[in-house]
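[1] task: produce atomic coordinates for the following.
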Amino acid sequence: MGGKTMLYSCMLVDDEEDVISAIRQTIDWESLGFSVPREAHNGLEALEFAEETAPDVVLTDIKMPYMDGLELAHKLKELYPNIRIIVFSGFDEFEYAREALRLEAEEYMLKPVHAAELSKLFLRIRESLDAERAERQNREQLQAYYEKSLPRLQESFFVSLLDGKIPEEEIARQAEDYQLELGASPCAAAVIHTGSAGLPDGVSAVMIAASVRRLAEESLGQRFHARFFGYLGNTVMLAELGETEQLRFLTDACDRFCRLAAAKLGATVTIGVGKVCAAFHELRDSYTGARNALSYRMIYGTGKAISISEIAPQEKNGTDLSERESMQDIFRKMRMEKEEELSAAIARYIAENAAAQASVQEYRFFVMETAGELYRFAKDNALSAEEIFGDNDAMYRILQQLEPGELTRWMDEVCRKMREMIQHKRADSARSFAARAIDYVNEHYAEGELTVDAMCSHLNVSAAYFSTIFKRETGKTFVQYLTDLRMEKAVELLLSTSEKTYMIARKVGYADPNYFSYVFKKQFGMSPSKYKDSRGSEA
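    Model (predicted):
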């Protein structure tokens, strides 16, 4: 049986409710291949909705309060270059709209919009979207593109670079041999992982991963002068940064891409972002940090970008490439909060390695090496070694006498302690971070320019990390929290002062009193003046 057809998403933007209602009711959206459109009543609201879920098509009026259709179209094109925009307008501004949106819009329509004409237009757009989707998902085209975009020599070079097999002094020469231009500016690695669950019928995991990679090249490649190649089942992006501070912008761009991939391809994409390195010869360490960041998707969720610098700033990038992979499996499980899997990994590690020792002396060396690695892990993660291990001399004397079964129990106890400490540190860090954000909002809510970007700049984190932690700790998005706080302060001023509405609007962060009234009515179901009168009558 064939899979369910994926409907394209659409948004209707107009400040006139009857216009939106008429368009929604006169079009058979599903038969045209679209889900029922989401509604927005001004450009600001539409932009907020679009940043949550990237729509395929936006149908917008030009004249609207707070942000008109022209500015909305421009901002949407910056965020999602492939978005389709339809503009409709009254006759008096139609010629202006045609010229102003010449490079932005899919089509221009005069009001009143006729259902037959609009249906015909959406049918044409759907055919265009279908062709674009088919091109990305077509098996033969994807295979041809995959072969063309990954020349064997360049692939071998980048894989060898991450494997640490190219001496630093040889990197520049080999890059020149393979016609690769490697910049000297700071750079970072990002690992793009495409989930294999819920794929459309007839589309393999390899095909969808190749399609995601192509979309990433189109969306991120030019902006960051990025190189893409396949490695260990994922796509690796090597991005150049103009300066170290641009790591936050790279993370945010990757997070927007994850949403774009979900909207355009139906793919669940998670991206791990490594730390900044000074030059390409250090990319191996950055890649390791990106791979470790990706493993945190079990905690922070899939479908987003995760930066190792934000979630585990003390973690050393290159730790897990030079040490035993089985030991690293234990370390990963300590971070991932999986208690049962942690115990099983410890038991396997001790059983396999203890059996491989040929003598008592070799076994004791193995025990000391294991204890040393656990000690280094504790120090690398800023955990109290004294609290975990106690007196070092006594610990080493005891360990020398432990049989494999006893060593397993000792290691299990130590790793559980470290696991609990990591969880407490992570929770404390998140609470502290959210508290700092809330304090800042409480102090600056009256500033109209207080936005997510301003908050992230103040806290020096990406929007992806900020939004995840803030919502998890407060139960609200930043916009919801800020709006609720401003409305709470507005109510206090309404009921305790005789100031005019426009003055109250300014004091709670709204430069436009009309927009303040719009948000207030949306929050409380009535205008500020009616709210004041109703509360006054209650008193």
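
[2] what are the boundaries of the helices in the stretch 251-400 of the chain?
    Secondary structure of the stretch 251-400 of the chain (DSSP state H, counting those that start in this stretch): helices located at 283-295, 297-300, 308-311, 325-335, 339-355, 360-380, 385-389, 392-400.

[3] A435: how many residues sit nearby?
    Here the count is done by other CB atoms under 10 Å, and A435 has 11 residues near it. Just so you know, the C-beta spots here come from the backbone N, C-alpha and C atoms, and that holds for glycine as well.

[4] hang on, I meant A305
    Count around A305 with other CB under 10 Å applied: 30.

[5] roughly how far apart are it and A261?
    11 Å (CB to CB, to the nearest Å).

[6] next: K379.
    38 Å.

[7] and these two? Which one has more around it.
    Between K379 and A261, counting by other CB under 10 Å, A261 is the more crowded of the two (25 against 13).

[8] who are the contact partners of that one?
    The neighbours of A261, taking CB atoms under 8 Å, 6 or more residues apart in numbering as the test, are T194, V212, L215, A216, A267, V269.

[9] check what pLDDT it gets.
    Looking at A261, its pLDDT is 93.

[10] per-residue confidence averaged over stretch 276-293?
    The model assigns stretch 276-293 a mean pLDDT of 85.

[11] for it, which positions count as buried?
    Using 16 or more other CB atoms under 10 Å as the test for burial, stretch 276-293 gives 276-277, 280-293.

[12] follow-up on the earlier one: with distance to E71 as added columns, please give the helices of the stretch 251-400 of the chain in JSON lines.
    Below are the helices of the stretch 251-400 of the chain laid out as JSON lines (distance: least, CB to CB, whole Å):
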{"stretch": "helix 283-295", "distance to E71": "35"}
{"stretch": "helix 297-300", "distance to E71": "33"}
{"stretch": "helix 308-311", "distance to E71": "31"}
{"stretch": "helix 325-335", "distance to E71": "44"}
{"stretch": "helix 339-355", "distance to E71": "51"}
{"stretch": "helix 360-380", "distance to E71": "48"}
{"stretch": "helix 385-389", "distance to E71": "56"}
{"stretch": "helix 392-400", "distance to E71": "64"}
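
[13] looking at those, which is closest to M67?
    helix 308-311 (30.5 Å; CB to CB).

[14] and for that closest one, what's in contact with it?
    By CB under 8 Å, 6+ apart, helix 308-311 touches 247, 251, 272-276, 289-290, 292-293, 296, 300, 315, 317, 461-462, 465.

[15] let me see the contact set for the residue nearest to A385 when sequence neighbours are not counted.
    The spatially closest residue to A385, leaving aside those adjacent along the chain, is A378, at 5.0 Å (CB to CB, 6 or more residues apart in numbering). Shown in contact with A378 (CB under 8 Å, 6+ apart): S384, A385, I388, F389, M418.

[16] top of these by neighbour count?
    Counting by other CB under 10 Å, top hit in the contacts of A378: M418 with 24 neighbours.

[17] just to be sure, A54 is in a strand?
    No. Applying DSSP: H, G, I helix; E, B strand; the rest coil, one finds A54 to be coil, outside a strand.

[18] what is the burial count for R472?
    Neighbour tally, R472, other CB under 10 Å: 12.

[19] swap in F366?
    Here the number of neighbours of F366 (other CB under 10 Å) works out to 16.

[20] end-to-end on stretch 36-49?
    15 Å (CA to CA, to the nearest Å).

[21] show residues contacting it.
    9-15, 17, 20, 23-24, 29-30, 55, 58-60, 64-69, 71-72, 75-76, 479, 515, 518.

[22] of those residues, buried ones?
    For the contacts of stretch 36-49, buried by 16+ other CB under 10 Å: 9-15, 20, 23, 29, 55, 58-60, 64, 66-69, 72, 75-76, 515, 518.

[23] just to be sure, which of the residues you listed are found in strands?
    C10, M11, L12, V13, V58, L59, T60 (DSSP state E).

[24] correct me if wrong: E107 contacts L59.
    No. In this structure, E107 is not within contact of L59 by CB atoms under 8 Å, at 9.3 Å.

[25] what is in contact with the two at once?
    Contacts common to E107 and L59, judged by CB under 8 Å, 6+ apart, are I86.

[26] please tell me how far G33 sits from L161.
    Taking CB to CB, one finds G33 at 44 Å from L161.

[27] equivalent analysis for M421, please.
    Relative to L161, and taking CB to CB, M421 is found at 35 Å.

[28] neighbour count: those two, which is higher?
    L161 (22 against 18).

[29] residues touching the more buried one, list them.
    Counted by CB under 8 Å, 6+ apart, L161 has contacts I171, F280, H281, L283, R284.

[30] what's the burial count for the closest residue to the third one other than its chain neighbours?
    Spatial nearest neighbour of H281, excluding adjacent residues (CB to CB, 6+ apart): E168 at 4.4 Å. Neighbour count of E168, defined by other CB under 10 Å: 10.

[31] look up how far Q174 lies from E168.
    11 Å.

[32] next one: E386
    Using CB to CB, E386 is found at 47 Å from Q174.

[33] the two: which is more packed in?
    Higher neighbour count among E386 and Q174: Q174, with 17 against 10, using other CB under 10 Å.

[34] the more buried one against I166, yeah?
    Yes. Using CB under 8 Å, Q174 makes contact with I166 at a distance of 6.2 Å.

[35] who touches both of the two?
    F157.

[36] A strand includes G230, no?
    Yes. Remark: G230 belongs to a strand, assigned using three-state DSSP.

[37] and the strands in the stretch 151-300 of the chain, which stretches?
    187-194, 227-231, 234-240, 269-273 (DSSP state E, counting those that start in this stretch).

[38] compare the mean pLDDT across the ones you listed and name the weakest.
    strand 227-231 (a mean of 88).

[39] what is it packed up against?
    helix 152-163, helix 205-216, strand 234-240 (3 or more CB pairs under 8 Å, 6 or more residues apart in numbering; DSSP states H and E).

[40] out of the ones you listed, which is the most enclosed?
    Comparing these on average neighbours per residue, with mean count of other CB atoms under 10 Å, the densest one is strand 234-240 at a mean of 23.

[41] contacts for it?
    For strand 234-240, using CB under 8 Å, 6+ apart, the contacting residues are 158, 162, 183, 185-194, 209, 212-213, 216, 220, 224-230, 250, 280, 283, 287, 290, 294.
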